[in-house]
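1. sequence-free structure coming up:
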């Protein structure tokens, strides 16, 4: 019955492009629904698909000679743990999609399908091995936005011979926004001259080495505007050194960053280094900074209020235009004097200032992936 109703709706929709969101597990009724949808695969424009591995194989077989001539955006997820059980060669379900520009793969086996990588402008993969990361990155030349969780092994093995050899460093001339969940070693193999927004989430709880990051900045000569770091374990002045190479940085986001020793760079050290000293011969750190957000609830950090107020005042009076947003989430503000809040409030017209006791949505919005599931099928039509 559901497939009959679906067939009627699709038939009456004429030649409209289709926006499809479908949840298709192993039930027989979903196989019938898939068969009905495939009859109109030439009209699929956007597809948000959560599907069983069994039905994904069927989809590849049913569309082998038809392809997806209109498909522009694909979000692909496997139900349950089907991704873990996948074996064999990658499926060819979506290989023939000449207009595909945006792909999001929300499964831990990202290599389970073949895709037309060269056309992609937006790419998000929940988990990918370092070797596969290089292969995919080397196959995509038009990327503008990319989100990748790079898993082990982190030591990249490159075959320097043969027709399929990858030449390092990998250059992405158009990439503007990159989110990587990875160890920093991966950054040493990239050249990104157009990069403006970089977000890095470290998930291995090991000391973060900033040298590959600094090397990326120097090699790419990119103009970074936004830098976000999450889960970083600091053990030296690497963060300071990295920031000193970013004179045009306007937004800095730090989430769950932790010093490994009491002598490591602390939040107060950051605030002190961001303070602009009038008459100093040394150039100020990130002089154009406009937004500073610290989400540090897990380590219960405290910041000196007087030091913070001095930093804000120095930047408001400087040539960089001053801060327009200052957010401290899960950070205690230590008030040493009665005038600290007054000194901060004097800039309430120019700067949004927020202090909260718990986490904000910074991590979810900037460093995370969202997997979506829903009812069986949802279809929208576009002329």
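-> Structure's in. What do you need? In this text, all values refer to a predicted model and were calculated from it rather than measured experimentally. Residues are numbered from 1 along each chain as shown.
2. show me where the stretch 1-150 of the chain has its helices.
-> Under the criterion DSSP state H, counting those that start in this stretch, the stretch 1-150 of the chain contains helices at 2-12, 28-38, 53-62, 82-85, 130-139.
3. so what does the third one touch, helix or strand wise?
-> Counting by 3 or more CB pairs under 8 Å, 6 or more residues apart in numbering; DSSP states H and E, the packing neighbours recorded for helix 53-62 are helix 28-38, helix 82-85. Using the backbone N, CA and C atoms, a C-beta is placed for each residue, glycine as well.
4. grab the nearest non-local neighbour of residue 202.
-> If the residues on either side of it in the chain are set aside, residue 202 comes closest to residue 231, at 4.5 Å by CB to CB, 6 or more residues apart in numbering.
5. what about the one you found, how many neighbours?
-> By other CB atoms under 10 Å, 19 other residues sit near residue 231.
6. please begin residue numbering at 56 from this point
-> That works, and once the first residue is 56, the last one we named lands at residue 286.
7. hang on, isn't it packed against residue 312?
-> Yes - here residue 286 reaches residue 312: they are 7.3 Å apart, a contact under CB atoms under 8 Å.
8. rewinding a little: which of the helices and strands packed on helix 108-117 comes out lowest on mean pLDDT?
-> If you rank these by mean pLDDT, helix 137-140 sits at the bottom with a mean of 58.
9. flag every buried residue along stretch 371-391.
-> By 16 or more other CB atoms under 10 Å, the buried positions in stretch 371-391 come out as 371, 373, 375, 377, 378, 381, 382, 383, 384, 385, 386.
10. likewise for stretch 168-176?
-> Going by 16+ other CB under 10 Å, stretch 168-176 has these buried residues: 168, 170, 171, 172, 174, 175, 176.
11. as a markdown table, these with pLDDT would be great.
-> Below are the buried residues of stretch 168-176 laid out as a markdown table (pLDDT from 0 to 100):
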| residue | pLDDT |
| --- | --- |
| 168 | 77 |
| 170 | 81 |
| 171 | 82 |
| 172 | 82 |
| 174 | 86 |
| 175 | 91 |
| 176 | 94 |
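12. ok, so of the residues you listed, who is nearest residue 191?
-> Residue 191 has its nearest neighbour among the buried residues of stretch 168-176 in residue 172, at 6.0 Å by CB to CB.
13. what is the burial count for residue 102?
-> Residue 102: 22 neighbours (other CB under 10 Å).
14. so it bridges to which residues?
-> residue 75, residue 129 (DSSP bridges).
15. for residue 168, same thing?
-> Beta-bridge partners of residue 168, as defined by DSSP bridges: residue 146.
16. tell me the pLDDT at residue 341?
-> The model's pLDDT for residue 341 equals 93.
17. chain neighbours aside, what residue packs nearest to it?
-> residue 304 (4.5 Å).
18. backbone dihedrals for the residue nearest to residue 257, please?
-> The phi/psi pair for residue 286 (degrees, to the nearest 10) reads phi 70, psi 30.
19. mind putting the buried residues of stretch 168-176 into a markdown table with distance to residue 102?
-> Listed next are the buried residues of stretch 168-176 as a markdown table, based on distance: CB to CB, whole Å:
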| residue | distance to residue 102 |
| --- | --- |
| 168 | 12 |
| 170 | 13 |
| 171 | 14 |
| 172 | 17 |
| 174 | 15 |
| 175 | 15 |
| 176 | 17 |
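20. what's the first-to-last distance across stretch 76-85?
-> 13 Å (CA to CA, to the nearest Å).
21. quick check: buried residues in it?
-> Neighbour-count burial for stretch 76-85 [16+ other CB under 10 Å]: 76, 77, 78, 79, 85.
22. what comes up buried for stretch 290-302?
-> Neighbour-count burial for stretch 290-302 [16+ other CB under 10 Å]: 291, 293, 294, 297, 298, 300, 301.
23. ugh, wrong one, stretch 177-193
-> Buried residues in stretch 177-193 (16+ other CB under 10 Å): 177-193.
24. stretch 110-126 too?
-> Applying 16+ other CB under 10 Å to stretch 110-126 flags 110, 111, 113, 114, 115, 117, 118, 122, 123, 125, 126 as buried.
25. hang on, isn't the fourth one packed against residue 106?
-> This means residue 114. Yes - counting by CB under 8 Å, residue 106 is a contact partner of residue 114 at 7.2 Å.
26. which residues do these two both contact?
-> Residues touching both residue 114 and residue 106 (CB atoms under 8 Å, 6 or more residues apart in numbering) are residue 89.
27. thought residue 99 was touching residue 128?
-> No - in this structure residue 99 lies outside contact range of residue 128 using CB under 8 Å: 9.8 Å.
28. so between the two, which is more surrounded?
-> The neighbour count for residue 99 versus residue 128, taken as other CB under 10 Å, is higher for residue 99 (24 against 17).
29. who's in contact with that one?
-> 72, 73, 75, 92, 123, 125, 126.
30. could I get the residues you listed in JSON lines, plus columns for distance to residue 422?
-> Formatted as JSON lines, the contacts of residue 99 follow (distance: CB to CB, whole Å):
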{"residue": "72", "distance to residue 422": "33"}
{"residue": "73", "distance to residue 422": "32"}
{"residue": "75", "distance to residue 422": "29"}
{"residue": "92", "distance to residue 422": "34"}
{"residue": "123", "distance to residue 422": "31"}
{"residue": "125", "distance to residue 422": "33"}
{"residue": "126", "distance to residue 422": "28"}
